[in-house]
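Engineer: output the structure for:
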Amino acid sequence: MSLGVAILGTGVVAEFHRQAIEVNGARLVAVGHYNPDKFSGASAKFGVPCLTSDDVLEHPEVEAICICTPSGQHAEQTIKAAKAGKHVLVEKPMALSVADADAMIRACNENNVRLGVVLQRRAEPLFQSVKAALGAGDLGELTLAAVTMPYLRTQTYYDSAAWRGTWVQDGGGVLMNQGIHLLDLLLWWLGDPVSVTAYAATLQRDIEVEDTLVATLRFARGALATFTATTTAAPGFPHRLELYGSGGGIQIVGEQIHAWKLAQPETANVKPILPTSLEEPGAGGDPRAIKASGHINVFKDFIDAIQERRSPTIDGIQGQRSLKTVLDIYKAAGLGGS
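Structural biologist: Below you'll find the model as predicted:
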């Protein structure tokens, strides 16, 4: 029988998990919600029973849990699921502290269940091609990287749920909630930074956390990077990722190549991807505009990891790595972190 899966949380991101479950041939058994008044609507929306979190964990047909709840709940729910013998695929950020991430990893290891983290951009072919080109040395010695995120999240977005924009449940603002995906790509491509500096501010939104942040990062081999992000850039623009080295450079706008140029293209180990027309803001303007393909690919690897008795490619260690750098940046900006 196909893998039985439950989703904790019924918001926007849960829809991507449902698609990933269906496409990969798994079986959605139930969804979980904290408010009984929402059970009927959630059940109708997802076509399965809506239960309390405890009842989900006790369901005999549930073998794996997708955690799509506010970030501040991830650690407790993951640990409970592990102790109930359920495999866990948790949304980013996996936790709000390194200590909680450690506890999640330990609980899953002690109970012999798999722990995967949804940092889905790593699972997209475009970004995997960039990773391969860097690994093959096609860009030479990397010297500079830049990430720019001129996103828009209106006050209505933050007001739509009490947990949004709070330290206790969101864990941070534009960096922790939106920026962690692109920061994770940067770390995947360049390694862990050896030092960071940062400034952060809340300039437009009535929230506890930052809506604008600028950071600089230095990497072990000497490369420097900037990370610039905001949720105040109306009407919202696609993000940009840029990588430059002694042998070439790559520019990505949104999910498409803007430029991939090499000093000696005839020696390339990875065929450069040709530029395509620039796209609409996508996730820069609307969190619902992200594509499900990354979630689908991450979930496939998660199922494979369960069947093959191995760690998912993006496991708790990888999720903790990105979380730690977010917290280091917050600390450098005077916002705390641990």
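
Engineer: surely residue 330 is in contact with residue 175?
Structural biologist: Yes. With contacts counted by C-beta atoms under 8 Å, residue 330 reaches residue 175, the gap being 7.2 Å. C-betas here are computed from N, CA, C, even on glycine.

Engineer: which one of the two has more residues nearby?
Structural biologist: When neighbours are counted by other C-beta atoms under 10 Å, residue 330 and residue 175 differ, and residue 175 comes out ahead with 29 against 26.

Engineer: so the more buried one belongs to a strand, correct?
Structural biologist: No. Assigned with DSSP: H, G, I helix; E, B strand; the rest coil, residue 175 falls outside any strand and is helix.

Engineer: what touches both of residue 330 and residue 175?
Structural biologist: Common contact partners of residue 330 and residue 175 (C-beta atoms under 8 Å, 6 or more residues apart in numbering): residue 200.

Engineer: low-confidence ranges, this structure, go.
Structural biologist: Along the chain, segments meeting pLDDT under 70 span 277-289, 336-338.

Engineer: which parts of it are helices?
Structural biologist: 12-23, 39-46, 53-58, 74-83, 98-110, 125-135, 155-159, 180-190, 293-308, 316-332 (DSSP state H).

Engineer: the residue of the chain positioned farthest from its centre and residue 257: what is the separation?
Structural biologist: For the chain, the C-alpha farthest from the mean C-alpha position belongs to residue 266; by C-alpha atoms, centre = their mean, that distance is 35.1 Å. According to C-beta to C-beta, to the nearest Å, residue 266 and residue 257 sit 19 Å apart.

Engineer: find the residue at the geometric middle of the protein.
Structural biologist: A centroid search over the chain (C-alpha atoms, centre = their mean) returns residue 119, at 3.4 Å, as the residue closest to the centre.

Engineer: go ahead and confirm it touches residue 180.
Structural biologist: Yes. Between residue 119 and residue 180 there is a contact under C-beta under 8 Å: 7.5 Å.

Engineer: okay, and the common contacts of the two?
Structural biologist: Counting by C-beta under 8 Å, 6+ apart, the contacts common to residue 119 and residue 180 are 92, 322.

Engineer: residues contacting residue 228?
Structural biologist: Taking C-beta under 8 Å, 6+ apart, we find residue 228 in contact with 146-149, 213-215.

Engineer: again with residue 243
Structural biologist: With C-beta under 8 Å, 6+ apart as the criterion, the residues that contact residue 243 are 130, 134, 139, 142, 144-145, 189, 249-250.

Engineer: cutoff 7 Å now
Structural biologist: 139, 142, 145, 189, 249-250 (C-beta atoms under 7 Å, 6 or more residues apart in numbering).
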